[in-house]
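Colleague: Generate coordinates for the sequence data below:
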Amino acid sequence: MKLVEILLDFIKDTNDRKCKLLEFHHPEHMLTLLDLDLPDTGLPLQTLINDCATTLKYQVKTGHPRFFNQLSCGLDIVSMAGEWLTATANTNMFTYEIAPVFILMESVVLNKMRQIIGWKHGDSILAPGGSISNLYAFLAARHHMFPGYKEKGQAMLGSSQLVMFTSDQCHYSVKSCAAVCGLGTDHCVEVPSDEHGRMIVSELERLILERKARGHIPFFVNCTSGTTVLGAFDPINEIADVCQKYKLWLHIDAAWGGGLLFSRKYRHPRLTGIDRADSVTWNPHKLMGTLLQCSTIHFKQDGLLISCNQMSAEYLFMQDKLYDVQYDTGDKVIQCGRHNDIFKLWLQWRAKGTVGFEEHMDHLMELAEYLVERIENQKDMFHLLLKPEMVNVSFWYIPKRLRTMPHSTAKEAELGRITPILKGRMMEAGTMMVGYQPQDRTPNFFRSIFSSAAVTKTDVDFMLNEMDRLGHDL
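Modeller: Residues are numbered from 1 along each chain as shown. Here you go, the predicted model:
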């Protein structure tokens, strides 16, 4: 009961714009404020309650309306309630035997998501994050094209080398697949992108032909729908044509952009052709605002997950149970224990409805459009890097001393230098957080993210005004 009071106070503060979203301390100082020791004998319950309160006191309020820092932000109260129930139930997701309600929920929700993608059939699973979802796609693609690889490994290919392709703006987890699964990162070929961050399809085809000429076996193309930094969407239909021409597996990493599938206004042209993919990663814990973690991987072809990953552990996946064992999902995955990530999404969907998710997507996109409009109306104070396709808005803040200086590479370098300084002032003030990063040859710039339903246009105005308050003298 005491802990519930602490949690409710934290939720109240998270939604109070008068409360700071962060009380920042450097690590060495933070260690002096916390008692992290693990005792030999147990401590009183009151001490544990105090520990809980202290933990939340110094935690970043990622659900605060002025937290624009990460792709996953916001605090959906219904989804949070679902996570509380999930922790209380404390069950595993490998068999219907011990998670009957949750297993059926997972089947219904994932089927609905495949329908939204545009498939009539297929299979899906929830995985611990988009990186692992992408790994599932890689494994299934290799298994589908080379079924003997599961038993024989590289030996079945002899000296032949498998090769995969992805844009140079993709999530790093795609390249990680090549490392984890034995291809080697040299054989994850990065395809150049255009000035908007989208894969150049002619370059994809050129690189496929180049590798084929070297005797390699191209088999997998990753198409990103919503890149991490710029929020760019690779052209799906054009990439699908190339994959069809050369008989390659098409995976779409829509971990970030998948939520726009709900929006009739914004789905096209960004996600046009997604139904042509062989597999799709889609993270509800990002744009849809479901609590961390909630990541899904979907396959057009049914049966691939079980065929690829099945190990038939007799102590879990017996075939002579009293119920239909097709509902036992544990043998589909490379994990054994699997966290219940479905209930919070199911409950959230019940609360919002499909129409509510569409309204949420449209709201977030409209906020991004509003921020772009405000930046373009204050060109002396801000510089927009490019018109975004999504809710990632990339820009520089320009302090007073640089406002009369013509835009140049030298000015960009100076703006890049002051960006982390301004971010540091934000954190010390604790009033808001906006992420920053460099990219390619572009120095540090701010990347504002909208995925929280709590954000309003007033918060967007606050962000720009607060940047000027904290950084005008830089």
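
Colleague: drop to CA atoms for contacts and neighbour counts, all remaining ones
Modeller: Fine.

Colleague: How about the contacts made by the closest residue to residue 74 other than its chain neighbours?
Modeller: Counting by Cα to Cα, 6 or more residues apart in numbering, the nearest residue to residue 74 once its immediate chain neighbours are dropped is residue 63, at 3.7 Å. Contacts for residue 63 (Cα atoms under 8 Å, 6 or more residues apart in numbering) come out as 14, 15, 73, 74, 75, 452.

Colleague: Recalculate using a threshold of 6 Å.
Modeller: By Cα atoms under 6 Å, 6 or more residues apart in numbering, the residues touching residue 63 are 14, 73, 74, 75.

Colleague: Look up how far residue 10 lies from the last one.
Modeller: Taking Cα to Cα, to the nearest Å as the measure, residue 75 falls 11 Å from residue 10.

Colleague: ok, now the third one?
Modeller: The spacing between residue 74 and residue 10, counted by Cα to Cα, is 13 Å.

Colleague: got the contact list for residue 436?
Modeller: Contacts of residue 436 (Cα under 6 Å, 6+ apart): 445, 446, 447.

Colleague: nope, residue 185 is what I meant
Modeller: 178, 179.

Colleague: what do you get for the one 3 residues further on?
Modeller: Residues counted as contacts of residue 188 (Cα under 6 Å, 6+ apart) are 164, 165, 175.

Colleague: Looking at the residues you listed, state which has the most neighbours.
Modeller: residue 164 (26 neighbours; other Cα atoms under 10 Å).

Colleague: wouldn't that residue be in contact with residue 223 here?
Modeller: No. Using Cα atoms under 6 Å, residue 164 is not in contact with residue 223; the gap is 11.2 Å.

Colleague: if we can go back for a sec, if we take the contacts of residue 63, which one ends up nearest to residue 191?
Modeller: Nearest to residue 191 out of these is residue 73 (Cα to Cα; 30.2 Å).

Colleague: related to what we said a few turns ago, give the helix, strand or coil label for the residue nearest to residue 74.
Modeller: coil (DSSP: H, G, I helix; E, B strand; the rest coil).

Colleague: That one and residue 46: what is the separation?
Modeller: If you measure residue 63 against residue 46 using Cα to Cα, the figure is 27 Å.

Colleague: And for the closest residue to residue 81 other than its chain neighbours, the neighbour number?
Modeller: Ranked by Cα to Cα, 6+ apart and with sequence neighbours excluded, the top spatial neighbour of residue 81 is residue 344, at 7.3 Å. Residue 344 has 26 neighbouring residues, counting by other Cα under 10 Å.

Colleague: State the mean pLDDT of the helix or strand containing residue 344.
Modeller: In the assignment (DSSP states H and E), residue 344 maps to helix 343-376. Taken as a whole, helix 343-376 has a mean pLDDT of 98.

Colleague: can you start the count at 644 instead of 1 from here on
Modeller: Fine by me, first position is 644 from now on; the one you just mentioned is helix 986-1019.

Colleague: Now do the buried residues in that helix.
Modeller: Residues 986-992, 1000-1012, 1014-1015, 1018 are the ones in helix 986-1019 that count as buried (16 or more other Cα atoms under 10 Å).

Colleague: ditto for stretch 939-951
Modeller: Residues of stretch 939-951 classed as buried: 939, 940, 941, 942, 943, 947, 948, 949, 950, 951 (neighbour count, 16+ other Cα under 10 Å).

Colleague: got it, and stretch 1025-1042?
Modeller: Applying 16+ other Cα under 10 Å to stretch 1025-1042 flags 1025-1028, 1031-1042 as buried.

Colleague: gap between the two ends of that stretch?
Modeller: 9 Å.

Colleague: Pull the distance from that stretch to the chain's centre.
Modeller: 20 Å (Cα atoms, centre = their mean, to the nearest Å).

Colleague: which residues are contacting that stretch?
Modeller: Contacts for stretch 1025-1042 (Cα under 6 Å, 6+ apart): 873-875, 1008, 1011, 1018, 1024, 1088-1093, 1115, 1117.

Colleague: Of the residues you listed - the most surrounded one?
Modeller: Counting by other Cα under 10 Å, top hit in these: residue 1093 with 32 neighbours.

Colleague: From residue 664, how far out is that residue?
Modeller: Distance from residue 1093 to residue 664, by Cα to Cα: 16 Å.

Colleague: cool, and residue 1082?
Modeller: 27 Å.
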